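1. Pasting the sequence and the predicted model now:
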Amino acid sequence: MIERKAVRQHILDTAQPIVGSKGFSAVGLNEVLQAARVPKGSFYHYFASKDAFGEALLEDYFDRYLEQMQHTFSGAEPESEKLLAYWRQWTDNQTAHDCSGKCLAVKLGAEVADLSEAMRQVLDRGTARIIECLTGALTRGQAQGSLQLQQPCEPLATQLYALWLGASVMAKITRSAVPFNHALAMSQQALGTSSSIFI
């Protein structure tokens with residue numbers, strides 16, 4: 001059982017940078033299995049279908065993303081600094097040449113939402129978890145006085161996440177980090193913090 005779980009995770013780990021680079025539909029199972037050095041016939045021991053594989057890939061991605069996000073928002077620093085660190089990580093991941101750090105929510109959101117209801121639901125749950133984490137950070141920051149918010153925390157968290165998703169798409173289109181500069185400036189304005197462009 002332990003070995004089977006390890007092989008399943010190895011397939012997911014191998015697939016993420018490939019799917020992050022090419023998208024879900026463009027990647028065949030053979031490509032993933034060859035890269036993972038797993039026999040094709042054994043794939044269905046771990047996943048019932050390609051869609052089930054896609055669900056597992058997204059669930060694994062969001063689990064890791066939330067773990068990293070929670071680490072970023074731990075510690076004694078003001079929430080304003082933690083939010084800047086989070087957006088710095090976001091920008092670094094999205095502008096990196098290595099596809100392994102790319103956001104699968106950005107890459108696959110529009111693609112698979114219309115192809116697979118099950119995968120859309122995983123995306124919906126995953127993004128809801130991210131927004132919940134952001135809401136917590138905003139709530140703590142407002143309580144400690146490091147953030148000066150002009151609207152309720154949950155709607156603001158939703159708007160900020162959508163802003164950064166949009167910036168990621170625009171950065172792909174323009175092949176420029178400028179959209180992240182704009183997103184940062186707008187985010188800091190919404191948080192009532194001083195503007196500090198670090199990109």
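-> Done, it's in.
2. Can you show me the helices along this structure?
-> 2-22, 29-36, 43-46, 50-72, 79-95, 104-113, 117-144, 153-174, 178-191 (DSSP state H).
3. Output the ones you listed in CSV; the columns should cover mean neighbour count and mean pLDDT.
-> Every C-beta, even on glycine, is put in place using the N, C-alpha and C of the backbone. Formatted as CSV, the helices of the chain follow (neighbours: other C-beta atoms under 10 Å; pLDDT from 0 to 100):
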stretch, mean neighbour count, mean pLDDT
helix 2-22, 16, 86
helix 29-36, 16, 92
helix 43-46, 16, 87
helix 50-72, 17, 95
helix 79-95, 18, 92
helix 104-113, 19, 85
helix 117-144, 17, 96
helix 153-174, 17, 95
helix 178-191, 18, 95
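4. For P78, see how far away the residue nearest to the spatial centre of the chain is.
-> Per C-alpha atoms, centre = their mean, the C-alpha nearest to the average position across the chain is that of C103, at 4.2 Å. Here C103 is placed at a distance of 25 Å from P78 (C-beta to C-beta, to the nearest Å).
5. Tell me which residues touch the residue lying closest to A52 once chain neighbours are set aside, please.
-> Closest residue in space to A52, ignoring its immediate chain neighbours: A118 at 7.8 Å, by C-beta to C-beta, 6 or more residues apart in numbering. Neighbouring residues of A118 by C-beta atoms under 8 Å, 6 or more residues apart in numbering: 51-52, 55.
6. Spell out which residues sit in contact with Q142, please.
-> Counted by C-beta under 8 Å, 6+ apart, Q142 has contacts 148-149, 153.
7. Give me the pLDDT for the residue located most distally from the centre of the chain.
-> Distance from the centre of the chain peaks at G41, with 31.0 Å (C-alpha atoms, centre = their mean). As summarised for this prediction, G41 has a pLDDT of 80.
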